[in-house]
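Novice: Starting from these lines, generate the structure:
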Amino acid sequence: MSKIQSRECQNVEFKRSWNDKYLEWICGFANAQGAVMYFGVDDDHEVVGLDHVDRLMEDIPNKTTRLASPQQKYCQCLFQSRIH
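Specialist: Residues are numbered from 1 along each chain as shown. Just a heads-up that it's a prediction; the model follows:
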């Protein structure tokens, strides 16, 4: 498997799998200074991949839009996927 060269810090986060609780994190990062979240990457920076990536790429932006409160103008998300 491949390794991600970035290190976790305030603006970089690795998550081995997807969980809908991360929707709030995504909106928080998008409405603050921004960040990069890598899904399918473990704490050792190894790319482990995700199941159903195509579905997630479709579902996550739709779910974040529904999650955004009326006071928020938008919740912008950028996703990158790498399938190995």
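Novice: average pLDDT for the longest helix seen in the chain?
Specialist: The residue-count maximum for a helix in the chain (DSSP state H) belongs to helix 53-67. Mean pLDDT, helix 53-67: 80.
Novice: Show the pLDDT at the spatially most central residue of the chain.
Specialist: For the chain, the residue sitting closest to the mean C-alpha position, by C-alpha atoms, centre = their mean, is Met37 at 4.2 Å. pLDDT recorded at Met37 is 85.
Novice: ok, now Gln72?
Specialist: Predicted confidence (pLDDT) for Gln72: 48.
Novice: same deal with the one 5 residues further on?
Specialist: Here, the pLDDT recorded for Cys77 equals 43.
Novice: just Ser17 next, same as before
Specialist: Reported pLDDT for Ser17: 91.
Novice: How about it, nearest residue that isn't a chain neighbour?
Specialist: Distances taken as C-beta to C-beta, 6 or more residues apart in numbering place Leu50 nearest to Ser17, at 6.8 Å, with adjacent residues excluded. Bear in mind the C-beta positions are built from the backbone N, C-alpha and C, glycine included.
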